[in-house]
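Trainee: Please find the sequence and the predicted model below.
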Amino acid sequence: MKIVISGSGGFIGHRLSEALFKLGHKVIPISRELLYQPKELEKFFLTEKPDYIFHLAAYGNHSMQTDEAMIIFSNLIGTTNMLLASKNINYKAFVNFGTSSEYGHKDK
């Protein structure tokens, strides 16, 4: 199967890419820059026609990533661009990942 992965350079995305590749799937990474180019992203999906889309790209899940505008842009706009760009292809599933960082810092 053909699988597209955003965030493949991160810890989980890299491990997921390796595991899927070892299972014999064709794994195609999406660059972070492409997430912010809706027309190019749509062309990418129409060309690649993946069976599955895994969206792991995020900003704000590391303590040094504190730019609130970038958090909104990356996580909300990037995800929206992925969903809109892939709406015209016939894929089996769109899997959107999150992290425990979404819950904020806990003292206890």
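Mentor: Sure, I can see it. Residues are numbered from 1 along each chain as shown.
Trainee: Could you use CA atoms for every contact and neighbour count after this?
Mentor: Noted.
Trainee: What is the least confident helix or strand in this structure?
Mentor: helix 68-72 (a mean of 70; mean pLDDT, DSSP states H and E).
Trainee: any idea which helix or strand comes after that one?
Mentor: Tracing the chain past helix 68-72, the next element assigned as helix or strand by DSSP states H and E is helix 78-85.
Trainee: and that following helix, what other elements does it pack with?
Mentor: For helix 78-85, the packing partners by 3 or more Cα pairs under 8 Å, 6 or more residues apart in numbering; DSSP states H and E come out as helix 38-48.
Trainee: Pull out the buried positions in the helix it packs on.
Mentor: Buried residues in helix 38-48, counted by 16 or more other Cα atoms under 10 Å: 38, 41-42, 44-46.
Trainee: do stretch 16-33 as well
Mentor: Within stretch 16-33, the residues scored as buried using 16+ other Cα under 10 Å are 16-17, 21, 27-30, 32.
Trainee: Not counting sequence-adjacent ones, nearest residue to residue 93?
Mentor: The shortest distance from residue 93 to any non-neighbouring residue, by Cα to Cα, 6 or more residues apart in numbering, is to residue 52 (5.2 Å).
Trainee: Am I right that the one you found is in contact with residue 6?
Mentor: No - Residue 52 is beyond contact range of residue 6, at 11.5 Å (criterion: Cα atoms under 8 Å).
Trainee: These two - which one has more neighbours?
Mentor: residue 6 (25 against 18; other Cα atoms under 10 Å).
Trainee: The more buried one bridge partners, please.
Mentor: The partner list for residue 6 in beta bridges (DSSP bridges) reads residue 30, residue 55.
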